[in-house]
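*Asks:* Sequence first, predicted coordinates after that:
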Amino acid sequence: MTIETTASPKKPFYQQIKRFLFYCLVLGLLVLPSSSFAAYFSGPPEVLAALQFNSQGGVVFDSQNLPRDFQQAQDDASANPPAVDPYSDEAIAEDDPFGDKAGSEAVFEDKDPFAEEEKEIARMPDPFERWYNRPVYAFNDHFYEYLLRPVAQTYKDLMAENFRIMIRNLYNTLTFPIRLVSSLLQFKFDKAGRVISRVLVNCTLGFVWMVDVANEEFEIKPVEEDFGQVLGFYGIPAGPYLVLPLLGPSSLRDGVGRAVDALLNPLFWVVPDFITGAGVTSEQMVNETSFYIEDIKAFKEGAIDPYESLRDFYNQRREILIDE
């Protein structure tokens, strides 16, 4: 006797997928925080009440089985949708005080009592670049590389740093009238007082005016003023950029200032002849260059165009000194 068994037909694969998705939906509604859908649903139980099973094992959503209050909430939500989605990027950015919006930055700028507007420094005109400034710059660069730098390097190797600092202090003390007159003409009486105080202290307590006792012991900082800054203080524009032979970057305004500074320099009236004056100026140039050999090398190696970089740096530096 043969007994035949008939296996129950397997349900189609798509029905299994539908049931799996239904179970996931039920589980998600049970564990999902109700606050996420508070504006649209009164809660998962009402939604579950509207889910019906058909004869094929499928799931049908029957809105007629929804409670009346739930339907009313649905109609109200559809008729009056929220103006802004509370979870949208715009809403989050509005409430974020550290966002990247321009408005939030303006709020912080208004609240910052120390915020200051940065002065935009205009680029210095350079109409003589091609036929004058660049050739003179090339001449100065060759003069530095093949004469001034080797001499300054040898001088640096032979002379101790303390001695070179003393020579620098001596020149700064002797040329104090330039800084004093320039400060007074700009009504910068605090700087004028510092110039006078430094001269008195260094001339009485400093060794032959060569030790900066005013700065080291009394913290009276040096002053950097010249007649070119005086002209800028009174609104005279810098004019075109100029490269002076052996003297380096300048402008039409600062060129006039250099001439006045030379007349205010006591060495101009004390030095007896041109040869002695050239020797004093050369010593000052070599001594000052010995402090900046490595800096000049790094500047030239790091600049794409050293001529333009030097021009822009000079212009910005002079404008900053005028505003101080």
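*Replies:* Happy to help now that I have it. This is a predicted model, so every value here is computed, not measured. Numbering: from 1, shown residues only.
*Asks:* what ranges do the strands span in the stretch 151-300 of the chain?
*Replies:* 241-244, 248-251 (DSSP state E, counting those that start in this stretch).
*Asks:* To Leu205, which of those lies closest?
*Replies:* Closest approach to Leu205 among the strands of the stretch 151-300 of the chain (Cβ to Cβ): strand 248-251, 34.3 Å. Heads up, the C-betas are built off the backbone N, CA and C, glycines and all.
*Asks:* what packs against that closest one?
*Replies:* strand 241-244, helix 306-323 (3 or more Cβ pairs under 8 Å, 6 or more residues apart in numbering; DSSP states H and E).
*Asks:* returning to what we had before: now the strands of the stretch 151-300 of the chain as a markdown table including mean neighbour count and mean pLDDT?
*Replies:* Shown next, in a markdown table, are the strands of the stretch 151-300 of the chain (neighbours: other Cβ atoms under 10 Å; pLDDT from 0 to 100):
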| stretch | mean neighbour count | mean pLDDT |
| --- | --- | --- |
| strand 241-244 | 21 | 97 |
| strand 248-251 | 20 | 96 |
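*Asks:* Pick the most buried one from the helices and strands packed on strand 248-251.
*Replies:* Most buried of those by mean neighbour count (mean count of other Cβ atoms under 10 Å) is strand 241-244; its value is a mean of 21.
*Asks:* so where's the stretch 1-150 of the chain uncertain?
*Replies:* Applying pLDDT under 70 to the stretch 1-150 of the chain picks out residues 1-119.
*Asks:* about what we covered before: Thr154 is nearest to which of the helices and strands packed on strand 248-251?
*Replies:* helix 306-323 (24.0 Å).
*Asks:* quick one, domains of this structure?
*Replies:* Using automatic domain parsing, the domain parsing of the chain gives 13-97, 129-323.
*Asks:* quick one on the thing from earlier: of all the strands of the stretch 151-300 of the chain, which one is nearest Ser290?
*Replies:* strand 248-251 (16.3 Å).
*Asks:* List the neighbouring strands of that closest one plus their orientation.
*Replies:* strand 241-244 (antiparallel) (DSSP bridges).
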